[in-house]
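*Asks:* The sequence and its predicted three-dimensional model are supplied below.
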Amino acid sequence: MADPSATAPALVWFRNDLRVSDHPALDAAVAAKRPILPLYILEEDAPGDMGLGAASRWWLHHSLSALSADLKALGAPLYLTRGRAETLIPDIAKRLGAETIFWNRRYEPWAIETDRQIKATLKDAGHAVESFNGALLYEPWEVKTKQGGAYGVFTPFWKAECALGDPPYPSQAPKALPGADWGPLPPPEALEDWGLLPSAPDWAGGLRDAWTPGEAGARARLADFLDDGVLSYQEARDKPAMPGTSRLSPHLHHGEISARQIWHWSRERLRESGAAAYETGIWAFLREISWRDFNHNLLFHNPTMPHKNYQRKFDVFPWREDARSLKAWQRGLTGFPLVDAGMRELWQTGYMHNRVRMLVASFLVKDLLIDWREGEAWFRDTLVDADLANNVGNWQWAAGCGADAAPYFRIFNPMTQGERFDPEGAYVQAWVPELKDLPKKFIHAPWTADAATLAKAKVELGRTYPHPMVDHKQARQQALDAYSHVKGAA
DNA sequence: TGAAATGTTGGGGCG
DNA sequence: ACGCCCCAACATTTC
């Protein structure tokens, strides 16, 4: 009782791990048997941080609100503050007399640098720091080639992760948390004062309808997917009009559910069911979870990837500056229905089906010859699942300049993709309502319809819906010609 | 986790 | 019966 260190609190710094179960940092703090101060910092002006998009800010608000309620119920309310973590963390640790600061690791280059710096400051000041893997199946330094290097091709990476065996089994949420006394700290800030939600205009209606941020929402989403989605996953995930994907990406990004939980709970469901169709779906799904690890691995080992081509021979690619075309793409006014449907789904819900993400990326980079970094920036600003590692990895993949990338000459045809993956035109009808009365024969290429058909569907090209902004056949040839620069540079 | 161009094959119409 | 052409269907190659 006389030992003051017995009551020295533990600080748990929450970042992209907004949950209370399978949270290694929180578990370690509980094991230390100290009063616990859970902390979240809205990090402002961190050097190198590429910023939070408006959709992510909306999600973050609701996710923090859910985490706050969960922590409060357990007995240790979440302390909120904002500013620079480099000064706030050491200051809070000092005021509290904290013994140890716990956190789960993050992998963005700026965040790694911030955390490294904070760790050094804290240690100099006599605090202990413990960090954990809360986000990935395996850490980037745990998955290595036989030569000890990092993988640049996905399939061998996937095999290597499988060979490492099941990742650690996820832990349960603590039954109760001993809260620390906030007395020595300035009063916490109110989430409502952070201005994370849009006001005037409130454009978040589509987001509210589509999502339930928070740990409970994440679990419900996975349970739904394992109940019926996963059985038809392999075919249905390519059909944007169907609820065929897990839609877990925003929950995963904010850490409301962990990759290890997804791994183990999926495998458990597989063991219970035993159906062969289930086997296919589950493994196709877990393979996508491993893609997420792969992208984090790439970013960790290639910290310039957000700005630089992974394949440096692409540095000579003749991108076009074209603000008007970029804007037409962003607003979903390209005149290619499936592209526009995707861009509008993104704008209205903060999400886009994966098949359509590949198409709109191909269209921007190849039909419009606009730099993938423009597309990456737009997705980062508008996606609720905006995640630097995945976003950069996938854009470079689509642009052909990434690791294990799609070859540049793989150029998607918007009409063919529409006929193949949205054969009924239901996805286009949902997001491009001005075309909803067109017969499905023409819905992916309205300019091929005769005047009478267009009139009957109340479509007037150039007025109610744009003419196609490029001739795809011609654009494709231009893209191939531009690519010859890269080949010459290699 | 494409698409288009090019090559091959085989059935059917026809002289 | 046979060769020839046409062309769809499928396979392979190329970008």
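*Replies:* That came through fine. Numbering: from 1, shown residues only, chains lettered A, B, ... in the order given.

*Asks:* A:Phe314 touches A:Cys401, doesn't it?
*Replies:* Yes. A:Phe314 lies in contact with A:Cys401 (CB atoms under 8 Å); the separation is 3.8 Å. For glycine as for every other residue, the C-beta is placed from the backbone atoms N, C-alpha and C.

*Asks:* So stretch A:399-414, near DNA strand B or not?
*Replies:* Yes. Legend: contact between stretch A:399-414 and DNA strand B by CB under 7 Å from any atom of the strand is shown at A:406-407, A:409-413.

*Asks:* Reformat those as TSV; add neighbour count, secondary structure and pLDDT.
*Replies:* Output for the residues of stretch A:399-414 next to DNA strand B, formatted as TSV (neighbours: other CB atoms under 10 Å; DSSP: H, G, I helix; E, B strand; the rest coil; pLDDT from 0 to 100):
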residue	neighbour count	secondary structure	pLDDT
A:Ala406	17	coil	92
A:Pro407	8	coil	92
A:Phe409	11	coil	92
A:Arg410	12	coil	94
A:Ile411	20	coil	97
A:Phe412	22	coil	97
A:Asn413	18	coil	96
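
*Asks:* what's near enough to touch the nearest residue to A:Leu136 once chain neighbours are set aside?
*Replies:* Spatial nearest neighbour of A:Leu136, excluding adjacent residues (CB to CB, 6 or more residues apart in numbering): A:Asp293 at 5.1 Å. For A:Asp293, the contact set (CB atoms under 8 Å, 6 or more residues apart in numbering) comprises A:136-138, A:143, A:157, A:161, A:259.

*Asks:* which residues touch the residue of the stretch 51-200 of chain A found nearest DNA strand C?
*Replies:* Using CB to the nearest atom of the strand, the single residue of the stretch 51-200 of chain A nearest to DNA strand C is A:Val153, 17.9 Å away. A:Val153 makes contact with A:403-404, according to CB under 8 Å, 6+ apart.

*Asks:* 7 Å - rerun?
*Replies:* By CB atoms under 7 Å, 6 or more residues apart in numbering, the contact set of A:Val153 is A:Asp404.

*Asks:* and it, what pLDDT?
*Replies:* Predicted confidence (pLDDT) at A:Val153: the value is 95.

*Asks:* Quick check: of the contacts of A:Asp293, which lies closest to A:Gln117?
*Replies:* Within the contacts of A:Asp293, distances to A:Gln117 taken as CB to CB reach their minimum at A:Leu136, with 22.2 Å.

*Asks:* Could you check how many residues crowd around that closest one?
*Replies:* A total of 25 residues lie near A:Leu136 under the criterion other CB atoms under 10 Å.

*Asks:* cool, and A:Glu345?
*Replies:* 23.

*Asks:* Could I get the phi/psi values of the residue of the stretch 51-200 of chain A found nearest DNA strand B?
*Replies:* Using CB to the nearest atom of the strand, the single residue of the stretch 51-200 of chain A nearest to DNA strand B is A:Phe154, 6.1 Å away. Main-chain torsions, A:Phe154, degrees, to the nearest 10: phi -70, psi -50.

*Asks:* before we move on, what about the one 10 residues further on?
*Replies:* Main-chain dihedrals, A:Leu164, degrees, to the nearest 10: phi -70, psi -10.

*Asks:* doesn't A:Leu136 make contact with it?
*Replies:* No. Using CB atoms under 7 Å, A:Leu164 makes no contact with A:Leu136, being 11.6 Å away.

*Asks:* which residue packs closest to A:Phe363, ignoring adjacent ones?
*Replies:* Of all residues not flanking A:Phe363 in the chain, A:Val339 sits nearest, at 5.0 Å (CB to CB, 6+ apart).

*Asks:* tell me the secondary structure for the one you found?
*Replies:* Following DSSP: H, G, I helix; E, B strand; the rest coil, A:Val339 is assigned to helix.

*Asks:* Could you report the pLDDT at it?
*Replies:* According to the model, A:Val339 carries a pLDDT of 98.

*Asks:* before we move on, the earlier item: any idea how far the residue lying closest to the residue of the stretch 51-200 of chain A closest to DNA strand B once chain neighbours are set aside is from A:Gly152?
*Replies:* The shortest distance from A:Phe154 to any residue that is not its chain neighbour, by CB to CB, 6+ apart, is 4.8 Å, and that residue is A:Asp404. Distance from A:Asp404 to A:Gly152, counting by CB to CB, to the nearest Å: 6 Å.

*Asks:* Contact partners for the residue nearest to A:Phe154?
*Replies:* A:Asp404 makes contact with A:152-154, according to CB under 7 Å, 6+ apart.

*Asks:* give me the element it is part of.
*Replies:* For A:Asp404, there is no host helix or strand (DSSP states H and E).

*Asks:* Surely A:Thr81 is within a strand?
*Replies:* Yes. A:Thr81 sits within a strand when classified using three-state DSSP.

*Asks:* Please look at it and A:Leu88 and confirm they touch.
*Replies:* Yes. Taking CB under 7 Å as the contact criterion, A:Thr81 and A:Leu88 are neighbours in contact, 6.0 Å apart.

*Asks:* Return every residue with contacts to both of those two.
*Replies:* Counting by CB under 7 Å, 6+ apart, the residues touching both A:Thr81 and A:Leu88 are A:Ile41.

*Asks:* what does the stretch 51-200 of chain A have sitting close to DNA strand B?
*Replies:* Residues of the stretch 51-200 of chain A found near DNA strand B, taking CB under 7 Å from any atom of the strand as the criterion, are A:Phe154.

*Asks:* just the helices in the stretch 51-200 of chain A please.
*Replies:* Defined through DSSP state H, counting those that start in this stretch, the helices belonging to the stretch 51-200 of chain A, from first to last, are A:54-74, A:85-96, A:109-124, A:154-163.

*Asks:* try the stretch 201-350 of chain A
*Replies:* Counting by DSSP H, counting those that start in this stretch, the helices of the stretch 201-350 of chain A are A:205-210, A:215-224, A:233-236, A:249-253, A:259-273, A:276-301, A:323-331, A:337-349.

*Asks:* any chance of those helices in a markdown table, with distance to A:Asn390 too?
*Replies:* As requested, these are exported to a markdown table (distance: least, CB to CB, whole Å):
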| stretch | distance to A:Asn390 |
| --- | --- |
| helix A:205-210 | 19 |
| helix A:215-224 | 17 |
| helix A:233-236 | 19 |
| helix A:249-253 | 8 |
| helix A:259-273 | 12 |
| helix A:276-301 | 5 |
| helix A:323-331 | 20 |
| helix A:337-349 | 15 |
